[in-house]
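K.L.:
here you go, sequence then predicted model.
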Amino acid sequence: MSTDYSNRYVFEAEWYDKVACILKKFYLYYYPSNNTIELFDLKTRKIFLKRTICEGIKAKDFYIGAVVTIFSRCIKIIGYADSYTKIKLETQLQKFFVLLKPDIIDKMGEIIKVITNDFHITNMKMMLLTATDVTECNFVKDTADKMSMINYLTSGPIVGLELLGENGIARWQELAGPENCKHVYSTTTSLLRACCGKNEMYNSVYGSKNIEMAMQELQYFFPNLKSENKGPKTTAILQNCTCCIIKPHAVQAKLVGAIIDDIQKAGYIITAVQQFHVNLINSEEFLEIYKGVLSEYTAMVAELQSGPCIVIEVTNKNEDSNIVADFRDFCGPMDPDIARQIKPNTLRAKYGKTKVQNAVHCSDLPEDGVLEVEYFFKILER
């Protein structure tokens with residue numbers, strides 16, 4: 001095993017071998033000086049992949065929860081394997097909380113596209129805040145504006161984001177701009193608040209001010225499974241809707257913002273969004289309808305559980321329309337190559353790679369729309 005400890009990171013990682021139906025665990029060594037990778041199999045205690053250059057992978061791709069593609073294998077990073085890596089990366093990388101406020105939810109896709117130029121989105125959820133949530137999270141600074149702020153932040157859905165980036169909080173503040181944005185429109189239109197905000201209250205976005213607040217806010221909005229606090233409630237309406245899943249390969253490729261932007265600009269209404277990590281059993285269960293029907297079933301199961309996916313509840317203003325059929329047509333044919341020939345403006349034509357990695361899953365049958373949304377937002381969300 002390699003012994004160049006001064007310039008390497010080591011992670012705990014796993015890969016599901018769909019041929020052998022085995023979850024394999026590794027030490028993943030990454031050497032940033034020359035972009036090389038080595039995999040050590042923890043069960044056999046042997047080198048699985050000798051140190052080699054892996055094209056398309058960069059240092060910024062290595063963080064807890066990330067999925068990196070190494071010679072067509074989707075390797076998930078699940079932890080740090082030594083204190084050097086933990087201290088080094090946690091010093092460089094910061095996780096923090098960002099809130100997209102109610103009046104810019106219809107521009108969610110545009111804003112996420114900007115955010116993912118600089119940051120990784122490591123968690124995401126559309127939520128409804130209560131007055132208690134607003135007060136407990138100290139979003140109200142001035143007592144005189146307390147009720148106005150509470151009314152504003154509870155007036156509609158918000159989107160909470162867990163972001164990760166190098167020197168993240170300071171870089172976020174640079175991207176967002178001053179809290180009072182009414183004087184910066186003409187000179188700094190690249191700032192998020194300059195583009196979308198109106199004044200110090202209606203300033204489109206909120207971000208953690210420091211590491212201590214970030215930890216508190218992330219625990220409040222994205223509590224761990226053992227926490228008694230379950231976080232603010234989901235916005236899913238579970239009626240007249242269809243299900244769209246942005247698949248793990250598209251999430252990894254930072255296509256979430258572009259896909260959501262296309263959905264919104266096509267006139268669809270997004271009523272719920274949440275990131276999920278779907279395990280193998282749930283992946284098989286959700287896709288069971290395709291078992292024995294599509295030859296790609298096994299590969300589809302492997303893709304859905306290969307990393308985080310973004311699940312979206314989609315509806316429209318016309319309650320008489322068939323939202324499932326309309327949205328399925330908007331997604332395009334399952335095969336992106338066919339989609340590019342006959343429906344080049346569809347989601348799969350624009351963002352898909354193969355019949356399995358075709359960017360999005362969408363409900364097929366009219367009765368499946370609500371059922372698939374309920375599977376995620378009622379069953380798995382618990």
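P.N.:
Great, that's in hand.

K.L.:
how is this protein divided into domains?
P.N.:
Listed by automatic domain parsing, the domain ranges of the chain are 5-81, 92-231, 242-380.

K.L.:
chain center to the first one: distance?
P.N.:
Think domain 5-81. Mean C-alpha position of domain 5-81 versus that of the full chain (C-alpha atoms, centre = their mean, to the nearest Å) differs by 21 Å.

K.L.:
now mean neighbour count and mean pLDDT too, for the domains of the chain, in TSV please.
P.N.:
Heads up, the C-betas are built off the backbone N, CA and C, glycines and all. What follows is those, written out as TSV (neighbours: other C-beta atoms under 10 Å; pLDDT from 0 to 100):
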stretch	mean neighbour count	mean pLDDT
domain 5-81	16	88
domain 92-231	17	83
domain 242-380	19	94
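
K.L.:
helix/strand/coil for D103?
P.N.:
When classified by DSSP: H, G, I helix; E, B strand; the rest coil, D103 comes out as helix.

K.L.:
got the contact list for it?
P.N.:
Contact analysis of D103 by C-beta atoms under 8 Å, 6 or more residues apart in numbering lists 152, 155-156, 202, 204.

K.L.:
tell me which of these is nearest to Y290?
P.N.:
Within the contacts of D103, the smallest distance to Y290 is 36.0 Å, found for G156 (C-beta to C-beta).

K.L.:
nearest to Q274, of the contacts of D103?
P.N.:
Distances from Q274 to the contacts of D103, taken by C-beta to C-beta, are shortest for G156, at 16.8 Å.

K.L.:
that closest one against P102, yeah?
P.N.:
Yes - applying C-beta atoms under 8 Å as the test, G156 and P102 come out as touching, 3.7 Å apart.

K.L.:
out of the contacts of D103, which is nearest to F48?
P.N.:
Nearest to F48 out of those is S204 (C-beta to C-beta; 46.6 Å).

K.L.:
what about that closest one, distance to I22?
P.N.:
Separation of S204 from I22 (C-beta to C-beta, to the nearest Å) stands at 47 Å.

K.L.:
pretty sure K254 sits against T116.
P.N.:
Yes - contact criterion C-beta under 8 Å: K254 and T116 qualify, at 4.5 Å.

K.L.:
check the secondary structure at S283 for me.
P.N.:
Relying on three-state DSSP, one would call S283 helix.

K.L.:
pretty sure it contacts L304?
P.N.:
Yes - taking C-beta under 8 Å as the definition, S283 is a contact partner of L304 at 4.3 Å.

K.L.:
strands of the stretch 251-382 of the chain, start to end?
P.N.:
Ranges of strands within the stretch 251-382 of the chain are 269-276, 309-315, 360-362, based on DSSP state E, counting those that start in this stretch.

K.L.:
out of those, flag the one nearest G160.
P.N.:
Using C-beta to C-beta, those put strand 269-276 closest to G160, at 9.8 Å.

K.L.:
and the contacts of the closest one?
P.N.:
105, 108, 121, 123-126, 157, 159, 234-237, 241, 251, 260, 263-264, 308-317, 373, 376-377, 380-381.

K.L.:
recalculate using a threshold of 7 Å.
P.N.:
108, 123-126, 159, 234-237, 241, 260, 263-264, 308-317, 376-377, 380-381 (C-beta atoms under 7 Å, 6 or more residues apart in numbering).

K.L.:
before we move on, what about stretch 60-72?
P.N.:
Residues from elsewhere that reach stretch 60-72 (C-beta under 7 Å, 6+ apart): 9, 11, 30, 37, 54, 57, 74-77, 79, 93, 120, 122, 164, 248, 252, 306-308.

K.L.:
same thing but at 6 Å, please
P.N.:
Residues from elsewhere that reach stretch 60-72 (C-beta atoms under 6 Å, 6 or more residues apart in numbering): 30, 54, 57, 74-77, 122, 164, 252, 307.

K.L.:
quick one: which of those sit in helices?
P.N.:
Q252 (DSSP state H).

K.L.:
okay, the contacts of stretch 60-72 in JSON lines with distance to F48 next?
P.N.:
Converted to JSON lines, the contacts of stretch 60-72 look like this (distance: C-beta to C-beta, whole Å):
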{"residue": "Y30", "distance to F48": "14"}
{"residue": "C54", "distance to F48": "13"}
{"residue": "I57", "distance to F48": "16"}
{"residue": "C74", "distance to F48": "15"}
{"residue": "I75", "distance to F48": "10"}
{"residue": "K76", "distance to F48": "15"}
{"residue": "I77", "distance to F48": "15"}
{"residue": "T122", "distance to F48": "26"}
{"residue": "L164", "distance to F48": "27"}
{"residue": "Q252", "distance to F48": "21"}
{"residue": "G307", "distance to F48": "20"}
